[in-house]
Structures are given as structure tokens and as C-alpha cells.
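Engineer: Kindly return the folded structure for what I paste below:
(one chain, ligands or ions: 1)
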Amino acid sequence: MSDELTRMSLLWETIQKEEEYPIFRLTYLSKPTKPFTDEDFDDIESKSVEANNARDVTGLLVVNEDRILQILEGREDSVRELYEKIERDSRHTVIKLVCAVEDEVRLLLTWNMVVRGLNGTPPDLLKQFSQVYDELLHADGETEISIDQVELFKELALFGGLPKTI
Ligand SMILES: Cc1cc2nc3c(=O)[nH]c(=O)nc-3n(C[C@H](O)[C@H](O)[C@H](O)COP(=O)(O)O)c2cc1C
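Structural biologist: Numbering: from 1, shown residues only. Below is the predicted model of the structure:
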């Protein structure tokens, strides 16, 4: 589907859900302070699903060895408050705030955290993820993530065995 068509269908879904505020989307890159264990994933997942739901925040988290990318969407105050908490988490170090923008659509309408490590994911997808991550990391200033990139993250997320939909 073209970017324009995807946006139109997302706009339609967003209208149906009667979102009453501009959607705020924040994307950041980080790296783990030490390799994530199953306990780390379980802990993040169990806290996130409920907490994000309560805040009406959707998004996804992709963790591939030393590369972590997370997208958070919702009301601006909810997303910023959550991000401040996540940023202070000593299990990782945020290395770049890629973008923080308002939009009329939620790109991740039914997506709730969390995604596990990407075991079993085809190597070409992992390579694409590394490339996109490094491009975002080295881009000057704030960079809007594209729908294609979001589609790649969703595909990766599905290989993680999750996400849970809400
Ligand atoms: C990479 C990463 C992503 C996280 N994402 C979320 C999230 O989306 N929602 C959430 O509630 N906690 C998330 N956490 C966990 C929070 O940082 C924090 O540990 C959790 O909210 C519990 O906080 P509390 O002990 O103050 O309740 C994440 C942690 C890491 C390391």
C-alpha cells in the first residue's frame, strides 16, 4: 500500500476510535547497559502492558542486541511523562531522541508493548533494522520516521512473538 493510502486508512481508524486530541508520537533510540535477560523482558512487559493501557499509550519496542528502538503514541502529556520514567531506567541509556511530533493519526493504533529479542527473525530483516537504526542515529537533528520504517518495525515485532494487541 502507498504511504498516502496507509495514512488514509489509519486516519479512518483513528476517527472511528474518536480520538479527541492530536496524537503525539515520540521515537527514541537507546542501548542496553548490559544484555537484556528474559527477566528484564518479563519485567518490562508486565509493567508496560497495564501502565500504557491506563495512559492510552500505544507503541512498540524493538530490541536487537545492542540496539533498542521504541515508539510511544498518545496524548502529549501522557507520552512525555512515560518517557521521562523510561529514560531514567538504568537498564538502558537513551542515545537519541529521534522525533517528537504531533500527528492526526495513530500509526500504532492497536499495538501495545512489548517485543522480545528478535530470535528467529530472518537475517535480512535484522539487517534492515540495523541499517534504519544507524541511519536514524546518524541523521542530523530530528527525523520523522516514515510509514515504511514503521511497517518494518511491526514486521520485526511480530517475529518477537508479541506484541499484544489491545
Ligand atoms: C527499553 C525500555 C522500555 C520500557 N518501556 C516501558 C513502557 O512502554 N511502559 C512502561 O510502563 N514501562 C516501560 N519500561 C519500564 C520503566 O522504565 C519502569 O521500569 C516501569 O514503568 C516501572 O516503573 P515504577 O517502578 O516506577 O512503577 C521500559 C523500560 C525499558 C528499559
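
Engineer: helix or strand right after the longest strand along the chain?
Structural biologist: The strand that spans the most residues within the chain, counting by DSSP state E, is strand 92-103. Using DSSP states H and E, the helix or strand that follows strand 92-103 towards the C-terminus is strand 111-112.

Engineer: any idea of the mean pLDDT for that next one?
Structural biologist: Average pLDDT, strand 111-112: 76.

Engineer: quick revisit: excluding its own residues, what touches the longest strand of the chain? List them.
Structural biologist: The contact list for strand 92-103 (CB atoms under 8 Å, 6 or more residues apart in numbering) reads 22-33, 68, 76, 87, 136-137, 139, 142-145. C-betas here are computed from N, CA, C, even on glycine.

Engineer: Tell me the secondary structure at the residue nearest the centre of the chain.
Structural biologist: Closest to where the C-alpha atoms of the chain average out (CA atoms, centre = their mean) is Ile71, at 2.5 Å. Here Ile71 is recorded as strand under DSSP: H, G, I helix; E, B strand; the rest coil.

Engineer: Just list the residues touching it, thanks.
Structural biologist: If a contact means CB under 8 Å, 6+ apart, then Ile71 has 25-27, 59-60, 107-108, 145, 150, 153 as its contacts.
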